[in-house]
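[1] Predicted model and sequence below, questions to follow.
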Amino acid sequence: MRTLRVTLLIAAVVTVLMTAGSPLAFSATAKHATPLVIQAPPTCPDGLITISFDPNTNILVCAGPPGPAGPQGPAGANGAQGAAGPTGPIGPAGSTGPQGAAGPTGPRGPQGQPGVWVNPIQIGMLRWSQAVIADDVTVGTAPSGLAFDGTSLWVTQSGSSQITKIRPWDGTVLGTFDMGAPGADPGSIVYDGSNLWVAAHDGSVRKLRAADGVLLGTYMMAGASSALAFDGLNIWTATAAKDSVAQISSKQAGLTLATITLPTGAAPAGLAFDGVDIWVTHEGSNTITKIWTIDNTTVGTYPVGNAPRGVAFDGMYIWVANSGSNTVTRLLAIDGTWQGTFAVGPQPTGVVFDGNNIWVTNHGGNSVTKLRATDGLPLGTFPVGVGPTSIAFDGANVWIANTGGTTLSKR
């Protein structure tokens, strides 16, 4: 009887616990193979989204949809500079870029050292005498211009259109060529290393091939040229009637590269090149002007004697023949300072340097005067033909054009 009561009590307790849904009831149910029922988690109402759900506490967290993004906050402070990474490999060399524009012309360099005061050719020829009186050479009518091309002597004639080629060591005439117009004043022929340039009375400058005398070109200028010079690259011509000098290309068919206007009444009469500058005598204003050949600017103008004509450079000094005062003036080439004035014969016209001495033609005295270049000491005055004007040096002797006659004199 007691046993039956205990059994009924246990059954009642189990029934109560299962009814309450307690874990014990779940366990008992499982133990008795009752089917397991898993309920789905609750869901949020429409319009809300589930944030989280805890099955142990049966807590469901819902939220509305996300709102718009808020404004961006201020930038934070820059962090510390990181360590530099390793240097990468050198890339391949790029292609060469285009040539840049030329820079401005640099300043002028200092004057070079003076030339050697010894002429080895004359020493080799035992030229101890002050002058060699040789026979004159007949060439034509009024010889006026002289140029030496390294082998032959060329002579223009103001009285005809002929130009004569002479062998200097014996005076043999090698040829006579017609250039088409009479030659101009003394000093109006120059050699450029390949060709001869001759100023004619018609206002042209004519180019002849030195090898055979063939006329290569005729170039009209502003007026008849009174003098010519070569600066190692281009030809310079002086036009007395226009008070100007012009620079002509020796390579581009006589193209005029520049024209420099001189003061009114200057009447340029002579030209000389000193390796850097062109010197122009002004017969009308008793001065000489120095022009830089790089940019054709005037470096300076300096007083000399009366009516200066011929001019020559000896490696250090500029020598000017003053036809109106029967003197020659010596200037220091580097700055134009006066270095002395020396008496010569009447109406000095042409000047040349022979490597040791200065020779001056005396147009009014039918003579030439020789001066020592180092100090201007007179070494002698020697007779020549009638009316000497132009003068040239062939490496051994000087040649004088006797414009008042028909001959050349060799000294």
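    Nice, thanks for sending it over. Numbers count the residues shown, from 1 in each chain.

[2] Any regions of this structure where pLDDT drops low?
    Residue ranges of the chain with pLDDT under 70: 1-39, 110-129, 132.

[3] Nearest the middle, which residue of it would you pick?
    residue 105 (6.3 Å; CA atoms, centre = their mean).

[4] quick one, what contacts that one?
    294, 295 (CB atoms under 8 Å, 6 or more residues apart in numbering). All C-beta atoms are positioned from the backbone trio N, CA, C, and that covers glycine.

[5] looking at this, it is in a helix?
    No - with DSSP: H, G, I helix; E, B strand; the rest coil as the criterion, residue 105 is located in coil rather than a helix.

[6] Now do it against residue 240, distance only.
    Counting by CB to CB, to the nearest Å, the gap from residue 105 to residue 240 is 30 Å.

[7] quick one: residue 89 from residue 83, how far?
    Counting by CB to CB, the gap from residue 89 to residue 83 is 20 Å.

[8] Burial check on residue 264, number of neighbours?
    9 (other CB atoms under 10 Å).

[9] element containing it?
    Element membership of residue 264, judged by DSSP states H and E, is empty: it is in no helix or strand.

[10] Now it: closest residue in space that isn't a chain neighbour?
    Excluding the flanking residues, the one nearest residue 264 by CB to CB, 6 or more residues apart in numbering is residue 243, at 5.9 Å.

[11] Next, the contact list for that neighbour, please.
    261, 262, 263, 264, 265, 266, 267, 268, 284.

[12] again with residue 223
    203, 239, 240, 241, 242.

[13] Ramachandran angles for residue 240?
    Phi and psi for residue 240, reported as degrees, to the nearest 10, are phi -60, psi -40.

[14] If you tally nearby residues, what's the number for the residue nearest to residue 244 when sequence neighbours are not counted?
    Among residues not flanking residue 244 along the chain, residue 261 sits closest, at 5.2 Å (CB to CB, 6+ apart). Residue 261 sits with 10 neighbouring residues when counted by other CB under 10 Å.

[15] what about residue 261, distance to residue 291?
    12 Å.

[16] Give the closest residue to residue 160 in space, chain neighbours not counted.
    Leaving aside its chain neighbours, residue 160 sits nearest to residue 141 (4.9 Å; criterion: CB to CB, 6+ apart).

[17] Wait, the one you found touches residue 404, no?
    No - using CB atoms under 8 Å, residue 141 is not in contact with residue 404; the gap is 11.0 Å.

[18] In its sheet, which strands sit next to the strand or helix carrying residue 288, and in what direction?
    Using DSSP H and E, residue 288 sits within strand 287-292. Strand 287-292 has the following sheet partners, assigned by DSSP bridges: strand 277-282 (antiparallel), strand 297-303 (antiparallel).

[19] Out of those strands, which one sits most buried?
    strand 277-282 (a mean of 26; mean count of other CB atoms under 10 Å).
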